[in-house]
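Student: A structural model of the following input is requested.
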Amino acid sequence: MAKAIWNGVVLAESDKYEIVEGNVYFPPESVKKEYLHDSGTDYECPWKGHADYYDIIISDKVNSDAAWSYPNPKPAARQIKEHVAFERSKGIKIEM
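Tutor: So this is what the prediction gives:
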């Protein structure tokens, strides 16, 4: 079981997940999307493709660009399609 937690709130929890480049990617159905808000930040990975970034907002606290997803990854990363990963360096705890 893997969990993503920020400020005491569980953002995602699943026993099915993918690990890519040390990041835990949670399947979309395991993510509490009410806390994710499109940040407008985009990123292009040479081998995974286009990523969308999200701010995490809980009550009055905002964690900018703290999560990301590859909605249509390149073939080499197809296993993470629509999965969500969280940025540990922004205070998000990943428990496994």
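Student: Grab the nearest non-local neighbour of residue 37.
Tutor: Nearest residue to residue 37, sequence neighbours excluded (CB to CB, 6 or more residues apart in numbering): residue 55, at 4.9 Å. C-beta: built from backbone N, CA, C; applies to glycine.
Student: which secondary structure elements does the one helix or strand residue 19 maps to contact?
Tutor: Assigned by DSSP states H and E, residue 19 falls within strand 18-20. Packing partners of strand 18-20 (3 or more CB pairs under 8 Å, 6 or more residues apart in numbering; DSSP states H and E): strand 23-26.
Student: what's the strand it packs on packed up against?
Tutor: Judged by 3+ CB pairs under 8 Å, 6+ apart, the packing partners of strand 23-26 are strand 2-6, strand 9-14, strand 18-20, strand 84-86.
Student: same thing but at 6 Å, please
Tutor: If you count contacts as 3 or more CB pairs under 6 Å, 6 or more residues apart in numbering; DSSP states H and E, strand 23-26 packs onto strand 84-86.
Student: Can you verify my assumption that the residue nearest to residue 37 contacts residue 64?
Tutor: Yes - counting by CB atoms under 6 Å, residue 55 touches residue 64, with 5.1 Å between them.
Student: So which of these two has more stuff around it?
Tutor: residue 55 (17 against 14; other CB atoms under 10 Å).
Student: Spit out the contact partners of that one.
Tutor: 37, 39, 62, 64 (CB atoms under 6 Å, 6 or more residues apart in numbering).
Student: how about 8 Å then?
Tutor: Counting by CB atoms under 8 Å, 6 or more residues apart in numbering, residue 55 touches 36, 37, 38, 39, 62, 63, 64, 65, 66.
Student: Which residue lies nearest the spatial centre of the chain?
Tutor: For the chain, the residue nearest the mean C-alpha position is residue 85 (2.4 Å; CA atoms, centre = their mean).
Student: So that residue sits against residue 23, correct?
Tutor: Yes - contact criterion CB atoms under 8 Å: residue 85 and residue 23 qualify, at 4.4 Å.
Student: Can you check what pLDDT the model gives residue 42?
Tutor: Residue 42 carries a pLDDT value of 88.
Student: Identify the residue spatially nearest to residue 93, adjacent ones excluded.
Tutor: For residue 93, ignoring the flanking residues on the chain, the nearest one in space by CB to CB, 6+ apart is residue 5 at 4.6 Å.
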